[in-house]
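Novice: please work out how this folds:
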Amino acid sequence: MIKDITIGQYFPGRSPVHRLDPRVKIMLALGYIVILFVAQNAWGLGLGVVATKGGQLAAGASSYSSYPGGIEIEIDTHKDFRRQGLAYSAGAALILACLDRGWYPSWDAANRPSLALAEKLGYQFSHPYPIYTTFAV
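Specialist: Here you go, the predicted structure:
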């Protein structure tokens, strides 16, 4: 029976996850396990809002991480639907959903478009900081 369980089998591929340093993948897996034990239920792990247009998924705003009392916001818009106010609408809806729950909606603007959207939604610029990436997509 134990021979039927696969642990750590290699699957070939070229995705961003495949290109990550193995140490990063181990840390992400451990972090995920910790979150599963800390969250009171699966719904407590995050929050998200989507915007559709013409029956297509056009934009979304969600928590890319959460902590007791708040989330870190992530927003993305499909390239065909940009500059139509959908990121603004999804972001506003997510912020209101956070405030309804008593959560702090943290915004970490990593680029100028993100900063412009954050300021449009009422956030105030604090200070610049260096950005580090582990891979390019």
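
Novice: for the protein, which spans come out with low pLDDT?
Specialist: Along the chain, the parts satisfying pLDDT under 70 run over 1-12, 17, 32-45, 133-137.

Novice: quick one: the strands in it, in order.
Specialist: 48-53, 56-67, 70-77, 104-106 (DSSP state E).

Novice: residues in contact with the residue sitting nearest the centre point of the chain?
Specialist: Centroid-nearest residue in the chain, with C-alpha atoms, centre = their mean: Tyr64, separated by 2.4 Å. With contact set as C-beta atoms under 8 Å, 6 or more residues apart in numbering, Tyr64 has these partners: Glu72, Ile73, Glu74. To be clear about C-beta, it is placed using only N, CA and C from the backbone, and glycine gets the same treatment.

Novice: tell me how many other residues crowd the last one.
Specialist: It refers to Glu74. The tally of other residues near Glu74 (other C-beta atoms under 10 Å) stands at 19.

Novice: from Arg19, how far out is it?
Specialist: 20 Å (C-beta to C-beta, to the nearest Å).
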